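Visitor: here's my sequence, what's the structure:
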Amino acid sequence: MKLTLLAAVATTTSGFTTSVPPLRTATPLFASKAAKKKEARAAWFEKKYGSEDTANSDSSAAVLKSDDGLEYVQLTSDNGSKSEVYLFGGVVTSYQDADGTDFIAVRPDAKMDGSKPISGGLSHCWPQFGPGAIQQHGFARNVNWSIVDQSSDKVVLEMLPSDYSKDIWDKEFRCEFTVSIDDEQLSTKMLVDNTGEESWDFQAALHSYFTVSGIDQLEIAGSFEGKEFLNKMVGDEGEMQTEDRSVITIGEEYDRVYKGVNDPVLKDAGTGKSLAVINSEGWEDTVLWNPYGDEGMGYNNFVCVESVKFDPVSLAGGASWTGTMALKPSKTE
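Guide: Numbering: from 1, shown residues only. This is a model prediction of the structure:
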């Protein structure tokens, strides 16, 4: 099992800076009004999703425990491709193809004991991306998600309000994150439900760390040319610039928000492999981040190519939003 890959926490918008209190779980509310709300929510949930007492759909699927005590599941496909998904933060920490190439990076300084968000993987930024009204990147990466369905090649995780989340953001919600694997790709689906009556706004991102054999071996293709992007490395609040390249190479520190770009393909000359990030629904923007030159962070062996919904979504009571992203490896042409 791969637990770590790279180095220390960045203090840019895309970095992890939030200190995390001990994990908390939701506690029952005994007031009559709260009880009625709970009953109403349970009825709504069962109507939309089926019973909340969902058992594992595959008796052979297991929840494993890391050396540091965190629970995770391992998914496998028929050809030997595999993935690991941690319940803490709902983070995908590994995706290996049948050849054993791992496309997902976790930094070597990552705390894998639940004391802070895992620094790497496909990490959730929700209900906020970057700094803002609440803590940096929200709280979804700080809490334990629950398994509502599991098989050898798929897991469905759920995050519900807790005392901890309500202290930060007191809204009624349900988040569901599905990860599945087959011989061709790793697929993910983020479902956000407003389970209350009042509307609220949110941002979302998969803060995705990908391995590279060397930053000078990497090209990132996509519909970048002619698109405006926010270069957060310029000035105090960044500067809007226009991209004149169709293929991005990184030779300096990067923290860039490319709005309207959601089709990046990572091409690694060192491995001879490409990884297409297929954002088919919800994820409209791409963030590129790399702490170029910082040996302590291990800049040379990872890049963040993040699937983002940068503009806030206003979600009415009872409404849903979906973000769908798949990772599809191939041989570089």
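Visitor: next helix or strand past the strand ranked longest in the chain?
Guide: Ranked by number of residues, the top strand in the chain under DSSP state E is strand 302-315. On the C-terminal side of strand 302-315, the nearest following helix or strand under DSSP states H and E is strand 320-331.
Visitor: if I look at the residue nearest to residue 194 when sequence neighbours are not counted, how far off is residue 203?
Guide: Distances taken as C-beta to C-beta, 6 or more residues apart in numbering put residue 315 closest to residue 194, at 4.5 Å, once the chain neighbours are dropped. From N, CA and C alone the C-beta is placed, and that goes for glycine too. Separation of residue 315 from residue 203 (C-beta to C-beta, to the nearest Å) stands at 11 Å.
Visitor: what of residue 142?
Guide: For residue 142, the distance to residue 203 - C-beta to C-beta - is 16 Å.
Visitor: what about those two, which has more around it?
Guide: residue 142 (24 against 19; other C-beta atoms under 10 Å).
Visitor: ok, the more buried one touching residue 115?
Guide: No. Counting by C-beta atoms under 8 Å, residue 142 does not reach residue 115; the two are 10.3 Å apart.
Visitor: now do the helices in the protein.
Guide: Taking DSSP state H as the test, the helices found in the chain are 32-49, 163-168.
Visitor: lowest-confidence stretch among the ones you listed?
Guide: Here those differ in mean pLDDT, and the lowest is helix 32-49 at a mean of 50.
Visitor: hang on, the earlier thing: strand partners of the longest strand of the chain, parallel vs antiparallel please.
Guide: strand 200-211 (antiparallel), strand 285-290 (antiparallel) (DSSP bridges).
Visitor: could you pull out the buried residues of the longest one?
Guide: This means strand 200-211. Residues 200, 202-211 are the ones in strand 200-211 that count as buried (16 or more other C-beta atoms under 10 Å).
Visitor: could you redo those as CSV and give each row distance to residue 120?
Guide: As requested, these are exported to CSV (distance: C-beta to C-beta, whole Å):
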residue, distance to residue 120
200, 29
202, 23
203, 21
204, 18
205, 14
206, 12
207, 9
208, 9
209, 4
210, 10
211, 10
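Visitor: mind checking how far the closest residue to residue 207 other than its chain neighbours is from residue 160?
Guide: Excluding the flanking residues, the one nearest residue 207 by C-beta to C-beta, 6+ apart is residue 123, at 4.2 Å. Look at residue 123 and residue 160: by C-beta to C-beta, they are 19 Å apart.
Visitor: higher neighbour count, the two?
Guide: Remark: of residue 123 and residue 160, residue 123 carries more neighbours, 26 against 19, as counted by other C-beta under 10 Å.
Visitor: separation between the more buried one and residue 288?
Guide: With C-beta to C-beta as the criterion, residue 123 and residue 288 are 16 Å apart.
Visitor: please apply the same query to residue 73.
Guide: Separation of residue 73 from residue 288 (C-beta to C-beta): 30 Å.
Visitor: go on, residue 205?
Guide: Distance from residue 205 to residue 288, by C-beta to C-beta: 13 Å.
Visitor: what touches both of these two?
Guide: residue 306 (C-beta atoms under 8 Å, 6 or more residues apart in numbering).
Visitor: ok, the nearest residue to residue 172 once chain neighbours are set aside to residue 161 distance?
Guide: Once flanking residues are discounted, residue 172 sits nearest to residue 196: 3.0 Å by C-beta to C-beta, 6+ apart. Between residue 196 and residue 161 the computed distance is 10 Å (C-beta to C-beta).
Visitor: residues shared between the contacts of those two?
Guide: Common contacts of residue 196 and residue 161, defined by C-beta under 8 Å, 6+ apart, comprise 171-173.
Visitor: take the residues you listed and lay them out in JSON lines including pLDDT, neighbour count and distance to residue 250.
Guide: Putting the shared contacts of residue 196 and residue 161 into JSON lines (pLDDT from 0 to 100; neighbours: other C-beta atoms under 10 Å; distance: C-beta to C-beta, whole Å) gives the following:
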{"residue": "171", "pLDDT": "97", "neighbour count": "18", "distance to residue 250": "37"}
{"residue": "172", "pLDDT": "98", "neighbour count": "17", "distance to residue 250": "41"}
{"residue": "173", "pLDDT": "98", "neighbour count": "19", "distance to residue 250": "36"}
